[in-house]
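Chemist: got a predicted structure here, sequence first:
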Amino acid sequence: MVPGRDLGRSGAADAAAPDAGRPLTIRDVARDAGVSVATVSRVLAGSATVSAGLARRVRESVRRLGYTPHTVARSLASGRTRLVGALVPNLANHYFYALLKRLLHDAERDGYRLMVADSDEDLAAERELGLNLLAQTDGLILCSPRVPVTVLGQLVARDKPLLILNRSIDALPVSQVIVETYPAMRRLANHVAELGHRRVCYLQGPARSWQGKERWRAVRSLARRGVDLTSVRVEATMAAGHEVVPQILRSGATAVLAYNDLVAIGVVVGLAEQGVRVPEDVSVTGYDDIPFSRYVTPPLTTVHSPQDEVGSVAWKAMAGLLQGDRPGGRTLLAAQPVIRHSTAPPGRPR
């Protein structure tokens, strides 16, 4: 026996390793995992006929040996690319980071790769990117799509797995995962009204965002409580929030409800530069609860939208579609207001 040598699993792997200089093959993986070549092939093709325990053993051997399947050959054999597209409207929006990270993780766990594209809020680009991704992948996840329903119908007509996130579509047989925006945003708006604010400025986001429309619908309910409401259209960025501060000050608003956390953070910084204190002089709220929101000064009152959960549930739905589930299912997830230190009763008039 060689001192210190582990003759357990790693020793078996060493014994099964191919000769130096010879490329790894599927037979090496099968030998290492203690299964047949056919079983390895089914696992790599994503077949549901292999038990979870066997599939896990095969994937561990693949990782341990550093085996890389021949993508073209595997695609030709299975008729699948093992790729799934994910199209977002704006990668500069941090909301999509945690969502995409979860999608990437869960897709990789199941033997898929994610191909991510950004339409940059351009409707023509969103349509073309969607069609191109469907042509190159086994399915497509549309994150908060902006295009009209007619264009979504063109994508559905490609007869490939299609999943829509954070937009409600009743006119098409398409699967959806939706965070319910309206109830949480209405509770946040009521929180501001209950603090005593009677002049509020709402910063609306992208005009074609379904989530944005739902948030505005919730904020408009403040009018029934006697609140004087002003709205300003902005892009969903910190720079946009910063730039709109002079308009906010001219409106005389004592509270600002922003489309998302990025806009709200820009407002907080812009107000501070003008000598206006948050929340003593003006209250500010955001939406999404991105990591930055709890670390700004003051920590931001916002709505927590479960990005990681959306990603997890979305991949589960897409995996089902890839395995032949019938399209059209709808999963609703809840959002929750998070009250921190950027809101308070209105101070003295400015």
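Modeler: Okay, I see it.
Chemist: list the buried residues for whichever helix or strand G320 is part of?
Modeler: For G320, the host element (DSSP states H and E) is helix 307-322. Counting neighbours by 16 or more other C-beta atoms under 10 Å, one finds that the buried residues in helix 307-322 are 307, 309-315, 317-322. The C-beta positions use only the backbone N, C-alpha and C, and glycine is treated the same way.
Chemist: as CSV, these with pLDDT and distance to L271 would be great.
Modeler: Output for the buried residues of helix 307-322, formatted as CSV (pLDDT from 0 to 100; distance: C-beta to C-beta, whole Å):
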residue, pLDDT, distance to L271
Q307, 94, 27
E309, 96, 32
V310, 97, 31
G311, 96, 33
S312, 96, 37
V313, 97, 37
A314, 98, 36
W315, 97, 40
A317, 97, 41
M318, 97, 42
A319, 96, 45
G320, 96, 47
L321, 97, 46
L322, 95, 48
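Chemist: closest one of those residues to R56?
Modeler: A319 (15.8 Å; C-beta to C-beta).
Chemist: how close does that closest one get to A193?
Modeler: Counting by C-beta to C-beta, to the nearest Å, the separation of A319 from A193 is 43 Å.
Chemist: again with T68
Modeler: Distance from T68 to A193, by C-beta to C-beta: 58 Å.
Chemist: which of those two has more residues huddled nearby?
Modeler: The neighbour count for T68 versus A193, taken as other C-beta atoms under 10 Å, is higher for A193 (17 against 9).
Chemist: just the pLDDT at the nearest residue to that one once chain neighbours are set aside, thanks.
Modeler: Nearest in space to A193, with sequence neighbours left out and distances taken as C-beta to C-beta, 6 or more residues apart in numbering, is R225 at 5.1 Å. As predicted, R225 sits at a pLDDT of 92.
Chemist: for R225, give me phi and psi.
Modeler: Note on R225: backbone dihedrals following degrees, to the nearest 10 are phi -100, psi 10.
Chemist: so how far is R127 from it?
Modeler: 41 Å.
Chemist: and those two? Which one has more around it.
Modeler: R127 (20 against 12).
Chemist: and the most centrally placed residue in the chain, what helix or strand is that in?
Modeler: The chain has L99 as the residue nearest its centroid, 2.9 Å off, counting by C-alpha atoms, centre = their mean. Using DSSP H and E, the element containing L99 is helix 95-109.
Chemist: what's the angle from that helix to helix 307-322?
Modeler: 40 degrees (axes from the mean of the first three to the mean of the last three C-alpha atoms, to 10 degrees).
Chemist: and helix 95-109, what does it pack against?
Modeler: Where contact means 3 or more C-beta pairs under 8 Å, 6 or more residues apart in numbering; DSSP states H and E, helix 95-109 is packed against strand 83-88, strand 113-118, strand 140-143, helix 307-322.
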